[in-house]
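J.: Structure for this input, please:
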Amino acid sequence: MLRFQLVIALGFVNTVWCDNFPSLLSTNATLAIVIDREYLGDNYNLVKANIENRVTILRRDNLKHGGINIFYYSWTSITIRKEMSAILSIASCVDTWKLFKMANAESILHIAISESDCPRLPPSQGFMIPIIARGEELPQILLDLRLIKAYDWKSVVILYDSSLGRDYVTRVLTSLITDTKRITTSGAAVSLIKLDEYNSGLDKTYIRDTLSSFISKISSTNFLVIVSLDLVVYIMQTAQSLGLMDINSQWLYVVSDYRVDNDSATEILANLKEGNNVAFIYNVSTSETSCQDGIECYINELLDAFGKALDAAIVEEFELASQVSDEEWDAIKPTKLERRNYLLNTMKIHLKKNGVCGNCTSWNIKACNTWGKDFSTGSDAKFNLIQVGYWNLPNGPLLTDVLFLHVLHGFRGKSLPLLSFHNPPWQIIETNGTGELNCKGLVFDIVNELAKSLNFTYSVIVLNSTKNELKNSSYYNREISYEVTYTIPDRVIRMIQSKEVFLAAYAYTITEESKRRVNFTSPISIQTYTLLTARPKELSRALLFMSPFTYSTWLCLLTAIITMGPILYYIHKFSPVNDYHGINVKGGLSSVYNCIWYIYGALLQQGGLYLPYADSARVLIGSWWLVVLVISTTYCGNLVAFLTFPNNDKPITTINELLDRKEVVTWSIAPDTFFEYEVKTSTDPRYQALYHGSVKSITNMENMIRNVELGKHVHVDWKLRLQYVIKKQFVLKDTCSLSLATEDLFEERLGLVVSQDNPYLQRINQEIKRLHQVGLIQKWLKDYLPKRDKCFKTKSSSNANNHTVNLNDMQGCFFVLFFGCFISMLLICGERFYCKYKKKHEKNAIQPFVT
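T.: A predicted model of the protein is given here:
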């Protein structure tokens, strides 16, 4: 029905816009008939007479509710009038499209009859029938399929035999390479390979020789094969053996000499393989005497259909206009574009239902359903041909599905079996209350993206994972397991090789040894090994005040104090300046003892009561003051640095450091891992020493971790797994007692497992590469890793920003004070005893009597 927009205005309407095209109720429709004399030649008069006769019948029989004005033109250079309702043209392809552009600009329906190999008018804007001789439909078919984008080839290889004539080959090429504004898809680069005549016997080796000679020059993955039916199977076998049929290639077979029946289809399907993209176009035309075609037949049907559509439009408008007022009708009457669409759709319905011209010329279009068959059971495991459309001359191609079933739609929603088992964080498999599986983890995040891209669903076969599990692995929580990824169980390999499953949704280590039996995708993750060691402990700060200088520096400073005192004494005592000026040199700097204390006091910037009078001694004192300035400044600066940055134990960060401490530290390597195999087979002396010196059996993980915390043991494993260990220890003890070494050891590549002949591996690798490039895999893995806490920070980085001096920092000063007080007490006691001893000795001595 006509599409009308009813506008009901409540209140006042200032202006109402409507199409100026007159209604069919007040004005007759106008049909312009363009008969190009130059195109028809001698048939012009005959065609025109037939049209005039048909128009008479149109007015008498079809138009019962209105009239029509007819204008005839014998050339295509006409002026389009706005009052025209439609144009019927019989002209060349170029002139037809020229008329269409002018008619489309005015929203006028264009009905055209043109020459063969001409692009059809857009189906939503016009209708065109090409006049084609029977048996020469192929170029038009290929052009029509290209117009509706059934294929979009940038390049194509055409294989054809001698049944395709030279002129016919040119027309086929033109339909593929023509690049004009009328065709939205660009032309393809074409390579032609002609298959020479062959003997009528079974010797067809020339086909293999021909394809083999060109295989190095073939860069396209699209193939158009135009041969007789008896060559289709052999070409298919040859292409399979040469590796020309994969999931990226598209093979379109055109069979014009024979129908593809059940017997031939069975033979064709027997030579298909998983992942092939193959389609067939074959001729199902009939040659009965009742078949009707030709230009006169099409003219009669088109004019009859137009008359029926026009009469229906008049009736539709009349019924609607009778229900509203004149003002409302002016507002809601159909526009010129709406009327064109109504006429076009009504004509197509009438032709589809009643049309007989050209219906005997028909081609079937079938596609092979091959993806996922090797991994299915029952009837789903068989290849089959699916009817995806057909082609006839009046209507062109009508596709009910895509030409190549799997290029756009992948597995077409098939359910594929996958194999997996619980191994966090790669695969996390849980069951809910109803027993349904809930699959998570990095691997299933990737599988879900693959399922969206390749259009499949999946079911998971869960295996028990006890064979490869380390004893006491219960130490690890539900977020991480100690499942070994290096060794693939034999059951998994058997199921992959027998194609019971599409792939093993499990992160296995990619090794050359495993590739002899199965294949792997590109790495989904690269894991490195490292050392788990005790977190470096902060050293005692009791002697922090001694840290700015080394012991040799302190020794030199003490020696300088001791030697500078006597030097100052002798210079001061033997200077002639004192005698010259009559200065008494007794007291002050006149003793070595006092000079040493003076030098020591100057070092502590305390000054002194005495200053030498001689210039020689003053120069010595001034030099010492400069030395004191440098020493005190350097000491203060370094002391601030040692207060800010704590001094820790020297950690074990490399294998060399571990081997250097082999007398005091033991170590272990995670068993049955890629790292253990590499160090065991390595020729590097370091790795040999590491393997032979390691503890070969870990009986209890808790005891091993406890020894690591005490600094007695070092463990080698995945950095990822060790991060979980550190996190768990922090949760249990609320302390950061473990750390990781800075050296990364060996890169272990992890990938999903597929069969060696899996045709989808390249496509899967492309998706994994895309996920890596956009950062999704890194993001997903990060979501499953332990969240960063203070254990991920080093002490230097956490304490360097703001440090408050505490008692631990200053305890050395108090020790010095206590030591000084203790020495002072010892000295005063010694002085007291010495004094008493002297007094007692003097009392007992006989003193001379002096008067």
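
J.: Am I right that I113 is in a helix?
T.: No: using DSSP: H, G, I helix; E, B strand; the rest coil, the assignment for I113 is strand, not a helix.

J.: Now do the strands in the stretch 501-650 of the chain.
T.: Applying DSSP state E, counting those that start in this stretch to the stretch 501-650 of the chain gives strands spanning 503-509, 519-520, 525-534.

J.: quick one: which of those strands is nearest K727?
T.: Among those, strand 525-534 comes nearest to K727, with 12.4 Å by C-beta to C-beta. Using the backbone N, CA and C atoms, a C-beta is placed for each residue, glycine as well.

J.: helices or strands up against the closest one?
T.: With contacts defined as 3 or more C-beta pairs under 8 Å, 6 or more residues apart in numbering; DSSP states H and E, strand 525-534 has these neighbours: helix 701-709, strand 713-718, helix 719-733, strand 738-740, strand 745-754.

J.: that older thread, of the strands of the stretch 501-650 of the chain, flag the one that's most buried.
T.: Each of these was scored by mean neighbour count; the highest is strand 503-509, a mean of 25, by mean count of other C-beta atoms under 10 Å.

J.: what's the angle between that strand and strand 525-534?
T.: 40 degrees (axes from the mean of the first three to the mean of the last three C-alpha atoms, to 10 degrees).

J.: quick one, strands of the stretch 151-300 of the chain?
T.: For the stretch 151-300 of the chain, strands defined by DSSP E, counting those that start in this stretch occupy the ranges 155-160, 189-194, 222-226, 250-255, 278-283.

J.: which stretches of the stretch 201-350 of the chain have low pLDDT?
T.: 201-204, 217, 219, 258-260, 262, 289 (pLDDT under 70).

J.: quick one, helices of it?
T.: 205-214, 229-241, 262-270, 295-321, 326-332, 336-354 (DSSP state H, counting those that start in this stretch).

J.: How about the stretch 501-650 of the chain?
T.: 551-573, 576-581, 592-603, 615-644.

J.: next one: the stretch 751-851 of the chain
T.: For the stretch 751-851 of the chain, the helices defined by DSSP H, counting those that start in this stretch cover 761-773, 776-784, 795-799, 807-844.

J.: Looking at these, which is nearest to S116?
T.: Per C-beta to C-beta, nearest to S116 of the helices of the stretch 751-851 of the chain: helix 761-773, 39.5 Å.

J.: Dump that closest one to CSV, keeping only the CA atoms.
T.: The C-alpha trace of helix 761-773 is given here as CSV (Å, rounded to 0.1, in the frame of the first residue of the first chain):
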residue,chain,number,x,y,z
LEU,A,761,45.0,-21.7,12.6
GLN,A,762,46.0,-18.7,10.5
ARG,A,763,42.7,-17.0,11.2
ILE,A,764,43.0,-17.8,14.9
ASN,A,765,46.5,-16.3,15.0
GLN,A,766,45.2,-13.2,13.3
GLU,A,767,42.7,-12.7,16.0
ILE,A,768,45.2,-13.3,18.8
LYS,A,769,47.5,-10.8,17.1
ARG,A,770,44.7,-8.2,17.0
LEU,A,771,44.0,-8.8,20.7
HIS,A,772,47.6,-8.3,21.5
GLN,A,773,47.8,-5.1,19.4
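
J.: any idea how far that helix is from the chain center?
T.: Relative to its parent chain, helix 761-773 has a centroid offset of 6 Å by C-alpha atoms, centre = their mean, to the nearest Å.

J.: do the same with stretch 704-719
T.: For stretch 704-719 - counting by C-alpha atoms, centre = their mean - the centre lies 37 Å from the chain centre.

J.: got the strands of the stretch 501-650 of the chain as JSON lines, with mean pLDDT and distance to S694 columns?
T.: Formatted as JSON lines, these follow (pLDDT from 0 to 100; distance: least, C-beta to C-beta, whole Å):
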{"stretch": "strand 503-509", "mean pLDDT": "92", "distance to S694": "20"}
{"stretch": "strand 519-520", "mean pLDDT": "96", "distance to S694": "29"}
{"stretch": "strand 525-534", "mean pLDDT": "91", "distance to S694": "12"}
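
J.: mind checking which of those is nearest S163?
T.: S163 lies closest, by C-beta to C-beta, to one member of the strands of the stretch 501-650 of the chain: strand 519-520, at 42.0 Å.

J.: before we move on, the earlier item: now distance to C595 too, for the strands of the stretch 501-650 of the chain, in a markdown table please.
T.: Formatted as a markdown table, these follow (distance: least, C-beta to C-beta, whole Å):
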| stretch | distance to C595 |
| --- | --- |
| strand 503-509 | 77 |
| strand 519-520 | 83 |
| strand 525-534 | 52 |
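
J.: For S241, which of those is the nearest?
T.: strand 519-520 (20.6 Å).

J.: what sits up against the closest one?
T.: 508, 510, 514, 751-756, 758, 761 (C-beta atoms under 8 Å, 6 or more residues apart in numbering).

J.: ok, it: who's next to it in the sheet?
T.: Looking at strand 519-520 with DSSP bridges, its partner strands are strand 745-754 (antiparallel).
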